[in-house]
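Novice: This is a predicted model, with the sequence first.
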Amino acid sequence: MTETDGSSPGGLVVCGAGAIGAATAWFLAGRGVQVTVVERHEPAGAASGKSGGFLAADWCDGTPLQALARRSFALHAELPGRVGRDWGYRRVDTLAVGPGRRTGHEPAWLGPGFATLGVLGDRGSTAQVDPAAFTRALLGAALALGARLVAGRVEGLLRGGDRLEAVIVDGRPLRADAVVLALGPWTHLASGWLPLPRVGALAGHSLLFRPTVPLGAQALFVSDGSGDTPELFPRADGTVYLCGRSTMTPLPDDPAAVRPDPRAIAELRALAPRLAPALADAPLLAAQVCHRPVTADHLPLIGPVPGRRNAYVATGHGPWGILNAPATGEALAELILDGTPRHVDLRPFDPARLAAA
Ligand SMILES: Cc1cc2nc3c(=O)[nH]c(=O)nc-3n(C[C@H](O)[C@H](O)[C@H](O)COP(=O)(O)OP(=O)(O)OC[C@H]3O[C@@H](n4cnc5c(N)ncnc54)[C@H](O)[C@@H]3O)c2cc1C
């Protein structure tokens, strides 16, 4: 990836290089428009690099997210071929596990204190990616199509009437024909500059191990008696991801300053070898926390900023930001360039429904 300074010939400016910003940039760049992505920390440095990367086709059925999730699940299957890169996409079997009597349908690597409680999905309906690799690959592919990556902090916006004219990056204007705000939970900072609904942050902790023997292609949702539902995902590259312990850990203004709660990490470390004995002596690659961007009605904000002709927002994807990144990017590119999205109706996600007074 290349990085450039803040000067710009205009074009579309995407603020934030998480999964949502990267997918939006790739779909826009694929249409031949000039795209500049601005990131203050590092691509996939926040939730998009620390998430589970679990994908489900039908878990949002019956909700306003159904079409977005189903379109995204289909796009996830296509994208490695379309982009020509590998980010660990694979289909998985998905099980609910917890303390109980063994059924004979447990993964061979599951600890003896746990049993299969039910089947939540199979290789037709559930899948996974390495979310950091996915995000960086989409961004890298956008750059290969001519997009630019600017390292800098988005600090404000310059307005001319009902249009935005520039994004202020590290004190300097970056001219923009249109702006997409994809700052994840940090979109709340933009509420001072634009009439945006409130975006909150829900923290979740995780560990990443590299056991000597790879586990199987099963995703586990765990009832461990704590009231929490940890999730364990062996990945295609042999690493194993375990997350859980959501806390109200405050969101620092600087994404680089995010720090986990040691107690939550200790609890996950104690759980890991009970769930999968192969993790007992496996090297720990990461012990981390990240923040899901959340909205008041638990639906994302995808669409035009009320009252601004060339400003768009894409955030608030909560627990499904990796799943829903592709269809969000696709729909936003269609909305911006064609005036209407072709594959997914974005009206349930219109920011105006919750817009600040
Ligand atoms: C523990 C955990 C597990 C999860 N598991 C799953 C899962 O299995 N499947 C799934 O679909 N989703 C999952 N999620 C949710 C998913 O990770 C998020 O919804 C998604 O990553 C949000 O992506 P984003 O691009 O909106 O935000 P982010 O990834 O937060 O990206 C925002 C970017 O903006 C940058 N930024 C912030 N402020 C500025 C600024 N002023 N200027 C420039 N750049 C800035 C940040 O550095 C960051 O790179 C999980 C989340 C957590 C916390």
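Specialist: Thanks, I have the structure now.

Novice: contacts, neighbours, all on C-alpha from now
Specialist: Will do.

Novice: what about the residue lying farthest from the centre of the chain, which SS state?
Specialist: The outermost residue of the chain, judged against the average C-alpha position, is residue 101 (35.7 Å), by C-alpha atoms, centre = their mean. What DSSP: H, G, I helix; E, B strand; the rest coil gives for residue 101 is coil.

Novice: Now it: closest residue in space, sequence neighbours ignored.
Specialist: Spatial nearest neighbour of residue 101, chain neighbours left out: residue 115 (6.0 Å); criterion: C-alpha to C-alpha, 6 or more residues apart in numbering.

Novice: For the stretch 51-200 of the chain, which segments count as strands?
Specialist: Using DSSP state E, counting those that start in this stretch, the strands of the stretch 51-200 of the chain run over 54-56, 90-91, 93-98, 115-121, 126-128, 148-151, 154-160, 163-169, 172-175, 178-181, 200-209.

Novice: all helices for the stretch 201-350 of the chain, in order.
Specialist: For the stretch 201-350 of the chain, helices defined by DSSP state H, counting those that start in this stretch occupy the ranges 262-275, 321-338.

Novice: and the longest one, is it in reach of the ligand?
Specialist: It refers to helix 321-338. Yes. Residues of helix 321-338 are located near the ligand by C-alpha under 6 Å from any ligand atom, namely 321, 322, 323.

Novice: coming back round to it: surely the residue farthest from the centre of the chain meets residue 112?
Specialist: No. Contact criterion C-alpha atoms under 8 Å: residue 101 and residue 112 do not qualify, at 9.9 Å.

Novice: hang on, the earlier thing: which residues touch the residue nearest to residue 101?
Specialist: 97, 98, 99, 100, 101, 102, 103, 106 (C-alpha atoms under 8 Å, 6 or more residues apart in numbering).

Novice: so, if you compare the residues you listed, which one comes nearest to residue 144?
Specialist: The nearest member of the contacts of residue 115 to residue 144, counting by C-alpha to C-alpha, is residue 97 at 42.7 Å.

Novice: The ligand versus the closest one, what's the distance?
Specialist: Computed as C-alpha to the nearest ligand atom, to the nearest Å, the residue 97 to the ligand distance reads 17 Å.

Novice: excluding its backbone neighbours, what's nearest that residue?
Specialist: The shortest distance from residue 97 to any non-neighbouring residue, by C-alpha to C-alpha, 6+ apart, is to residue 116 (4.5 Å).

Novice: cool, residue 295 as well?
Specialist: Nearest non-adjacent residue to residue 295, counting by C-alpha to C-alpha, 6+ apart: residue 199, 5.1 Å away.

Novice: for the one you found, what are its contacts?
Specialist: 185, 186, 187, 188, 293, 294, 295, 296, 316.

Novice: Pipe these into JSON lines and attach neighbour count and pLDDT per row.
Specialist: Output for the contacts of residue 199, formatted as JSON lines (neighbours: other C-alpha atoms under 10 Å; pLDDT from 0 to 100):
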{"residue": "185", "neighbour count": "27", "pLDDT": "97"}
{"residue": "186", "neighbour count": "22", "pLDDT": "97"}
{"residue": "187", "neighbour count": "23", "pLDDT": "96"}
{"residue": "188", "neighbour count": "18", "pLDDT": "93"}
{"residue": "293", "neighbour count": "26", "pLDDT": "97"}
{"residue": "294", "neighbour count": "22", "pLDDT": "96"}
{"residue": "295", "neighbour count": "20", "pLDDT": "96"}
{"residue": "296", "neighbour count": "12", "pLDDT": "96"}
{"residue": "316", "neighbour count": "29", "pLDDT": "98"}
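
Novice: Good, we can wrap up now.
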